[in-house]
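Undergrad: heads up, no residue letters with this:
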């Protein structure tokens, strides 16, 4: 290969600082979205637990109203309580899965930040690794 072909291959293999920053920002945004979704689901889980607790103390034949697709439907507590419990259990499973995904994303983000020696303005940077000392003091500063 000629020298120019090698230079083109090298340039394609190493991302620019702007590309590194964009990918890092995208990864942080995904992580923030996961955290927001987990928070929403935890609030919904709490609401389901409160309704379940309240309905469990009530006569099973008592009438209650449940919102299904934005429409209030009249049912008995005996009919609604199992659905509330099932929904609560499904929310708990989803929160657990999203929590695992969040932890995985966090690990990837830290690895990427360390690999590219990314420092965030106002925060302590990642711990210096042996690989980053080989490249010198170069890094990327994200505001």
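TA: Arrived safely, thanks for sending. Worth saying up front: this structure is predicted, and the values here are computed from it rather than measured.

Undergrad: how far is stretch 61-75 from where the chain is centred?
TA: Centroid separation for stretch 61-75 versus its chain: 33 Å, with Cα atoms, centre = their mean, to the nearest Å.

Undergrad: residue contacts, the residue nearest the centre of the chain?
TA: Nearest to the geometric centre of the chain sits residue 34, at 2.2 Å (Cα atoms, centre = their mean). The contact partners of residue 34, taken as Cβ atoms under 8 Å, 6 or more residues apart in numbering, are 98, 101-102, 105. Placement of C-beta: from N, CA and C, glycine included.

Undergrad: can we see that at 6 Å?
TA: residue 102 (Cβ atoms under 6 Å, 6 or more residues apart in numbering).

Undergrad: check for me that residue 59 belongs to a helix.
TA: No - looking at residue 59 with DSSP: H, G, I helix; E, B strand; the rest coil, it is coil, so not inside a helix.

Undergrad: for the closest residue in space to it that isn't next to it in sequence, what are phi and psi?
TA: Nearest non-adjacent residue to residue 59, counting by Cβ to Cβ, 6 or more residues apart in numbering: residue 77, 6.9 Å away. Main-chain dihedrals, residue 77, degrees, to the nearest 10: phi -60, psi -40.

Undergrad: these two touch, right, residue 77 and residue 63?
TA: No - counting by Cβ atoms under 6 Å, no contact exists between residue 77 and residue 63, whose distance comes to 8.0 Å.
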